[in-house]
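>>> Sequence first, then the predicted structure, then my questions.
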Amino acid sequence: MPIRRQGFEWEIADLGNLPPKRLADLENPQSIFVSGLGNATLKKRNRTGADQFIVIQYFGSTPGVWPSTGNNWVPGGYVNIDLESTSYFLHPDGTQSSGVSGTLAPYPIQPDYAPAFSQYLPVEIPPNTNWDIKYLISNALVDPSEAFLADVFTMNITGA
């Protein structure tokens, strides 16, 4: 059986061209593969083949603390993995969870944010399984009345 290692990075940026409805969609779990947001451009769902077995060794999200406002805004991101009709990360009572926060499992790993897992947390996806990775931003929309201050940079140039 061949083995390969693969990585995937989902990126989304609001360049001012996303309609507010699409921004509001981010406050509900969205597929990082088929949602049409960011580089989620696949046209069909993920399904492991009869001879495939996937192990997700590490996943993460932009670390953020909710609520964050104004110039200090960072997305409060949560990642969850769907296997068939259920999510991998659930509340203790078995109800739907938002997933693992970016503060718990940060990406990229930074000096201020390190993974809370001492070892990787393997998520196993068996053969013939429909699966997806969903992302939720708990604070996708920021109140437009907040004060966003422009950073002011000054530069002194001296010549001889």
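Yep, that arrived. Numbers count the residues shown, from 1 in each chain.
>>> From now on I want contacts and neighbour counts done on CA atoms only, so please keep to that.
Noted.
>>> For Ala105, which residues are in contact?
For Ala105, the contacting residues are Phe59, Gly60, Ser61, Pro63, Ala114, Pro115, Ala116, Phe117, by C-alpha atoms under 8 Å, 6 or more residues apart in numbering.
>>> Only C-alpha atoms, please: export the helix or strand of the chain with the lowest mean pLDDT in CSV.
Between all helices and strands in the chain, the lowest mean by mean pLDDT, DSSP states H and E belongs to helix 20-25, at a mean of 74. Extracted C-alpha coordinates of helix 20-25, given in CSV (Å, rounded to 0.1, in the frame of the first residue of the first chain):
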residue,chain,number,x,y,z
PRO,A,20,-22.3,41.0,3.4
LYS,A,21,-24.4,37.8,3.0
ARG,A,22,-21.3,35.8,2.2
LEU,A,23,-19.5,37.3,5.2
ALA,A,24,-22.4,36.3,7.4
ASP,A,25,-22.2,32.7,6.0
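>>> so how far is it off the chain centroid?
16 Å (C-alpha atoms, centre = their mean, to the nearest Å).
>>> heading toward the C-terminus, what's the first helix or strand past that helix?
Proceeding N to C from helix 20-25, the next assigned helix or strand is strand 30-31, under DSSP states H and E.
>>> What's the mean pLDDT across that next one?
For strand 30-31, the mean per-residue pLDDT is 90.
>>> How about residues contacting it?
In contact with strand 30-31 (C-alpha under 8 Å, 6+ apart) are residues Ala40, Asp132, Ile133, Lys134, Tyr135, Leu136.
>>> Okay, now the sheet partners of it, with direction.
Strand 30-31 has the following sheet partners, assigned by DSSP bridges: strand 130-137 (antiparallel).
>>> What is the nearest of the contacts of Ala105 to Ala24?
Checking the contacts of Ala105 against Ala24 by C-alpha to C-alpha gives Ser61 as the nearest, at 18.7 Å.
>>> Now do the contacts for that closest one.
With contact taken as C-alpha under 8 Å, 6+ apart, Ser61 is in contact with Gly77, Tyr78, Val79, Ser101, Gly102, Thr103, Ala105, Pro106, Tyr107, Pro108.
>>> how close does the closest residue to Arg47 other than its chain neighbours get to Ile54?
Leaving aside its chain neighbours, Arg47 sits nearest to Asn130 (4.4 Å; criterion: C-alpha to C-alpha, 6 or more residues apart in numbering). Per C-alpha to C-alpha, to the nearest Å, Asn130 is found 12 Å from Ile54.
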